[in-house]
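A.B. asks: Fold the stuff below for me.
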Amino acid sequence: MTDPHVTDVASQWLARLEVALAGGDADAAAACFGPECWWRDLVALTWNIRTEEGREAIGRMLRAVLPTARPASFRLVGEAVERDGVVEGWFAFETALGRGQGHLRLKGGLGWTLLTTLAELKGFEEARGETRPRGVEHGVQRGRRSWLEEREAHVAAFGIDEQPQVLIVGGGQGGIALAARLRRLRVPALVIDRLPRPGDAWRRRYRSLCLHDPVWYDHLPYLPFPDHWPVFTPKDRMGDWLEMYTRVMELDYWSSTECRGAVWDDTAGHWRVEVLREGRAIELRPRELVLATGMSGVPKLPAFPGAEAFQGVQLHSSAYTGGQDWAGRRCVVVGSNNSAHDICADLWEHGAEVTMLQRSSTLVVRSETLMNIGWGRLFSEQALKAGITTERADLTLATMPFRLMERLQKAVYEQVASIDADFYARLRAAGFLLDFGDDGTGLSLKYMRRGSGYYIDVGASELIANGSVALRSPVEVTAIGERSVRLSTGEELPADLIVYATGYGPMNEWVERLISPQVARRVGLCWGLGSGTRYDPGPWEGELRNMWKPTAQPGLWFHGGNLQQSRFYSLLLGLQLKARFEGLPTPVYAPPQPGG
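C.D. replies: Model prediction:
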């Protein structure tokens with residue numbers, strides 16, 4: 001039940017903030033916030049993705065952006081609520097160029113967290129509902145072309161006679177989601193991918209693979225999965241959905257096309273991108289180049305002494321397709337994260353003799369527990385029944401500054417450890433090394449910081465706990481024999497198959513490969529928050545480095561992450577690209593510095 005007084009408190013605070021902003025008084029606006037505070041802006045005011053922490057930082061940001069952004073027309077949407085002394089509410093607002101959505105949290109009558117996010121550009125709204133295209137002009141007309149004929153003519157010319165404004169390298173869920181946004185925003189965009197069909201990146205993975213995230217978390221923009229879709233999507237079904245989506249959303253998608261290299265032409269203000277399409281060399285000249293090659297770089301294959309003389313089969317987990325050929329044979333899996341667990345389980349199900357080699361600790365959380373106290377609050381049937389749409393769930397996630405999330409997630413994972421104490425005790429008894437992140441902040445932040453080091457348990461942990469899958473931990477591989485793996489403990493394991501579930505390099509490896517080492521150095525690290533924890537060096541950034549926002553290289557963008565991130569951030573990236581396509585002013589606050 002809502003309290004009208006709480007709504008009044010939120011409305012009055014919002015009105016006070018608006019008066020300060022309208023007057024260009026950054027200091028008065030900053031004074032609306034408490035001593036501990038965050039303002040997270042997603043493109044709306046800063047044309048960047050930024051979190052400002054503290055009154056001083058908020059004031060500094062506002063002094064820079066108010067003359068051009070001109071935020072106004074703040075109005076509460078729905079009723080505010082109070083939980084544990086914190087007032088929360090959703091609001092709408094406008095800027096000089098766009099319309100936005102936001103969220104506030106107040107403590108003691110002062111701002112604690114504020115989210116402002118751009119939702120659309122004025123005059124360049126997506127055609128939807130009453131403004132949808134007619135599809136046909138009734139009447140009679142000689143020489144009329146059907147939709148199919150128009151589409152075929154466009155496909156034949158696009159990329160050859162007509163250049164794309166945006167070239168998206170990578171045709172997985174990230175590239176496809178962004179292309180759908182740009183299609184709706186009427187920005188000419190082309191997706192290229194080296195594989196023969198959309199969705200093949202999923203189809204080519206090991207046969208038992210299913211998404212570990214639930215269906216409510218994984219919808220693509222505009223076309224949600226139907227309500228009979230399984231909670232955890234099998235990989236081939238996901239591949240088919242992406243192929244269907246590409247077709248029905250009318251995306252310009254070149255399959256069997258490899259990006260061979262890209263050079264920025266500073267004089268012309270566009271890229272020169274060499275691609276090989278079905279054996280034919282083509283030069284594309286987009287103004288914007290988006291690398292949507294996934295959140296990781298190339299597969300990381302360790303170089304162990306003696307590996308070249310191994311007489312069995314050895315491969316990276318990305319090349320593993322299934323355990324059907326390994327019944328009764330000795331298999332060693334190097335690694336202990338998601339892929340390693342899935343592959344161990346798949347090999348065991350096919351009757352192989354499996355040993356996992358764990359080199360460092362792994363965060364493990366049971367899928368059921370994650371649904372109950374993690375995903376389920378926002379992404380579940382229960383959430384939908386409570387009126388939490390996918391859009392509202394995405395925005396709710398965005399309201400939480402990463403620094404504050406660290407504090408709150410520690411409490412969540414203390415609860416996880418208590419709920420599943422017996423589960424973790426059995427894993428430890430088997431010798432498995434566990435962690436909840438370097439600082440106990442759990443899965444989400446470990447993913448944001450390094451994109452690895454975890455397993456969402458869907459069954460493989462029981463195989464380790466009961467000894468069905470043998471475990472060596474902690475160990476290092478010292479050498480590979482002709483039919484064995486030698487360990488730092490002195491043990492030598494017989495092996496017919498070695499699977500290296502050793503992860504991937506950083507995303508900016510693709511910049512070095514496709515553009516140049518110089519541009520890779522200029523752009524700097526991609527992904528990570530700058531937390532100073534393992535594999536996430538400081539300084540603190542407060543947002544994911546270089547993702548979905550301008551980089552230090554003109555015209556170069558990164559898009560990636562899981563399906564939820566691809567869905568949510570594709571709109572923000574799409575709006576930035578649309579604004580540049582239309583020639584709108586996009587002054588970037590705190591633009592990235594070379595090497596940063």
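
A.B. asks: what's the span of stretch 459-475 from first residue to last?
C.D. replies: For stretch 459-475, the separation between the terminal residues is 23 Å (CA to CA, to the nearest Å).

A.B. asks: What residues sit buried inside it?
C.D. replies: For stretch 459-475, a neighbour-count test (16 or more other CB atoms under 10 Å) marks 460-461, 463-465, 469-473, 475 as buried. Placement of C-beta: from N, CA and C, glycine included.

A.B. asks: swap in stretch 172-189?
C.D. replies: For stretch 172-189, burial by neighbour count (16+ other CB under 10 Å) applies to 172-185, 187-189.

A.B. asks: Report the distance from it to the chain centre.
C.D. replies: Centre-to-centre, stretch 172-189 and its host chain are 15 Å apart (CA atoms, centre = their mean, to the nearest Å).

A.B. asks: for stretch 58-75, same thing?
C.D. replies: Here stretch 58-75 is found 28 Å from its chain centre; the criterion is CA atoms, centre = their mean.

A.B. asks: Alpha carbons of stretch 340-360, in CSV - could you do that?
C.D. replies: Presented in CSV, the C-alpha positions along stretch 340-360 are these (Å, rounded to 0.1, in the frame of the first residue of the first chain):
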residue,chain,number,x,y,z
ALA,A,340,34.9,-26.7,-17.6
HIS,A,341,32.0,-27.9,-15.4
ASP,A,342,29.6,-28.3,-18.4
ILE,A,343,32.2,-30.3,-20.4
CYS,A,344,33.1,-32.5,-17.4
ALA,A,345,29.4,-33.3,-17.0
ASP,A,346,28.9,-33.9,-20.7
LEU,A,347,31.9,-36.3,-20.8
TRP,A,348,30.7,-38.1,-17.7
GLU,A,349,27.2,-38.6,-19.2
HIS,A,350,28.9,-40.2,-22.2
GLY,A,351,30.8,-42.7,-20.0
ALA,A,352,34.2,-41.1,-20.0
GLU,A,353,36.6,-41.2,-17.1
VAL,A,354,36.9,-37.5,-16.3
THR,A,355,39.4,-35.5,-14.2
MET,A,356,39.0,-31.7,-13.6
LEU,A,357,42.2,-29.7,-12.9
GLN,A,358,41.5,-26.7,-10.7
ARG,A,359,44.3,-24.1,-10.7
SER,A,360,42.6,-21.4,-8.6
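
A.B. asks: tell me the domain boundaries of the chain?
C.D. replies: The chain breaks down by automatic domain parsing into domains covering 4-121, 151-297+506-581, 307-500.

A.B. asks: do you know which of those domains lies nearest Ala590?
C.D. replies: Nearest to Ala590 among the domains of the chain is domain 4-121; the distance by CB to CB comes to 6.3 Å.

A.B. asks: And that closest one, end to end?
C.D. replies: OK, domain 4-121 end separation, CA to CA: 33 Å.

A.B. asks: Same check on stretch 200-215?
C.D. replies: From the first residue to the last, stretch 200-215 extends over 20 Å; the measure is CA to CA.

A.B. asks: What mean pLDDT does it get?
C.D. replies: The pLDDT scores in stretch 200-215 average 91.

A.B. asks: Likewise for stretch 418-425?
C.D. replies: For stretch 418-425, the mean per-residue pLDDT is 98.

A.B. asks: Same question for stretch 565-576.
C.D. replies: 98.

A.B. asks: Keep only those of the buried residues of stretch 459-475 that are in helices.
C.D. replies: Members of the buried residues of stretch 459-475 lying in helices (criterion: DSSP state H): 460-461, 463-465.

A.B. asks: List the contacts of Met61.
C.D. replies: 39, 41, 45-46, 50, 52, 589-590 (CB atoms under 8 Å, 6 or more residues apart in numbering).

A.B. asks: Going by distance to Val313, which of these wins?
C.D. replies: Comparing these against Val313 with CB to CB picks out Arg50 as the nearest, at 48.1 Å.

A.B. asks: The closest one in helix, strand or coil?
C.D. replies: For Arg50, the assignment made with DSSP: H, G, I helix; E, B strand; the rest coil gives strand.

A.B. asks: Output the domains of the chain as a markdown table; include the columns distance to Ala127.
C.D. replies: Shown next, in a markdown table, are those (distance: least, CB to CB, whole Å):
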| stretch | distance to Ala127 |
| --- | --- |
| domain 4-121 | 12 |
| domain 151-297+506-581 | 7 |
| domain 307-500 | 18 |
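
A.B. asks: between these, which one is nearest to Gly135?
C.D. replies: Nearest of these to Gly135, taken as CB to CB: domain 151-297+506-581 at 12.1 Å.

A.B. asks: show me the contacts for Pro188.
C.D. replies: By CB under 8 Å, 6+ apart, Pro188 lies in contact with 158, 162-166, 182, 252.

A.B. asks: now the helices: where do they sit in the stretch 401-550 of the chain?
C.D. replies: Under the criterion DSSP state H, counting those that start in this stretch, the stretch 401-550 of the chain contains helices at 402-419, 421-429, 443-450, 460-465, 509-514, 517-523.

A.B. asks: Check which helices and strands the longest one sits against.
C.D. replies: Under the contact criterion of 3 or more CB pairs under 8 Å, 6 or more residues apart in numbering; DSSP states H and E, helix 402-419 touches strand 49-53, helix 367-373, helix 443-450.

A.B. asks: Buried members of the contacts of Met61 into PyMOL, please.
C.D. replies: Remark: buried members of those, expressed as a PyMOL selection using 16+ other CB under 10 Å:
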select buried, resi 39+41+45+46+50+52+589
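
A.B. asks: Of the contacts of Met61, which belong to strands?
C.D. replies: Among the contacts of Met61, the ones falling in strands (DSSP state E) are 39, 41, 50, 52.

A.B. asks: Could you report the distance from the first one to Arg260?
C.D. replies: To tie it back to what came earlier, the one meant is Trp39. 43 Å (CB to CB, to the nearest Å).

A.B. asks: so where is the protein shaky, pLDDT-wise?
C.D. replies: Residue ranges of the chain with pLDDT under 70: 1-2, 295-296, 596.

A.B. asks: again, only using 50
C.D. replies: Within the chain, the stretches with pLDDT under 50 are 1.

A.B. asks: Now do the end-to-end distance for stretch 481-492.
C.D. replies: Across stretch 481-492, the terminal residues are separated by 9 Å (CA to CA).

A.B. asks: Next, the buried residues of that stretch.
C.D. replies: Buried residues in stretch 481-492 (16+ other CB under 10 Å): 481, 484-487.

A.B. asks: So which of those is the closest to Thr551?
C.D. replies: When the buried residues of stretch 481-492 are ranked by distance to Thr551 (CB to CB), Val485 comes first, at 40.8 Å.

A.B. asks: Next one: the closest one from Gly98, what distance?
C.D. replies: Distance, Val485 to Gly98, using CB to CB: 57 Å.

A.B. asks: So which of the buried residues of stretch 172-189 belong to strands?
C.D. replies: Counting by DSSP E, the part of the buried residues of stretch 172-189 found in strands is Ala189.

A.B. asks: For the stretch 101-250 of the chain, which segments are assigned as strands?
C.D. replies: Secondary structure of the stretch 101-250 of the chain (DSSP state E, counting those that start in this stretch): strands at 110-121, 166-169, 189-192.

A.B. asks: Of those, which is nearest Ala425?
C.D. replies: It is, among these and with distance given as CB to CB, strand 110-121, at 37.1 Å.

A.B. asks: Can you list the helices and strands that the closest one packs against?
C.D. replies: Applying 3+ CB pairs under 8 Å, 6+ apart, we find strand 110-121 packed against helix 4-22, strand 33-42, strand 98-107, helix 390-398, helix 563-581.

A.B. asks: Just say which of those is most tucked in.
C.D. replies: Of all the helices and strands packed on strand 110-121, helix 563-581 carries the top mean neighbour count, a mean of 23, counting by mean count of other CB atoms under 10 Å.
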